[in-house]
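[1] What follows is a predicted structure for the sequence shown.
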Amino acid sequence: MMPQTYMNRSGSAAAQMAGFYRADPADVLVVLDDMALPPGQLRARAGGSAGGHKGLADVLRAMGSNDVPRLRIGIGPPPPRMDAVDFVLTRFGPDETQDIEHAIQLAADAVGDWVFSGIEYVMQKYNRRTQNTGNADERQQENV
């Protein structure tokens with residue numbers, strides 16, 4: 001599902017969807033951007049805090065639980081003197097496109113793996129995976 005609300009208000013849509021399908025919070029995977037991760041890096045978690053992400057905070061509040069699995073996709077930090085809100089609404093530059101396209105494919109694979117194998121499997125497979133996106137630098141996933 002992709003809510004038609006603003007990201008920071010996606011909790012009500014997620015909670016309504018979970019209620020309709022009688023899904024527990026652990027049965028809902030939230031996929032979101034993360035400025036704390038380098039562009040293209042993935043990090044999955046079974047639960048925890050929102051880590052400053054307002055959209056995830058709204059989902060956790062609306063679901064009434066921090067035990068909502070999430071898959072974060074790194075977008076990197078905003079440039080100096082750029083507002084975070086403006087940054088997340090800005091298109092990726094040509095030098096970032098390859099990393100992000102690779103991350104989107106990996107994230108799609110991770111979602112499929114979550115459906116069939118669960119969050120623990122996704123964490124083991126994607127959180128410590130070295131990603132070579134074709135750029136000169138390689139991105140190393142942090143361990144869980």
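    Yep, that arrived.

[2] what ranges do the helices span in this protein?
    11-20, 54-63, 84-88, 94-117, 119-126 (DSSP state H).

[3] which stretch among the ones you listed comes nearest residue 45?
    With Cβ to Cβ as the criterion, residue 45 lies closest to helix 119-126 of the helices of the chain, at 7.1 Å. In short, each C-beta sits where N, CA and C put it, glycine included.

[4] pLDDT at the nearest residue to residue 70 once chain neighbours are set aside, what is it?
    Once flanking residues are discounted, residue 70 sits nearest to residue 30: 4.5 Å by Cβ to Cβ, 6 or more residues apart in numbering. pLDDT for residue 30: 96.

[5] next one: residue 49
    The per-residue pLDDT reported for residue 49 equals 95.

[6] so what's it up against?
    Each residue near residue 49 by Cβ atoms under 8 Å, 6 or more residues apart in numbering is listed here: 60, 66.

[7] okay, now the spatially closest residue to residue 74 that is not a sequence neighbour: neighbour count?
    Spatially, and ignoring its direct neighbours in sequence, residue 74 is nearest to residue 37 (2.8 Å; Cβ to Cβ, 6+ apart). By other Cβ atoms under 10 Å, 20 other residues sit near residue 37.

[8] gap between residue 37 and residue 45?
    When distance is defined by Cβ to Cβ, to the nearest Å, residue 37 is 12 Å away from residue 45.

[9] what do the two both touch?
    Shared contacts of residue 37 and residue 45, defined by Cβ under 8 Å, 6+ apart, comprise residue 72.
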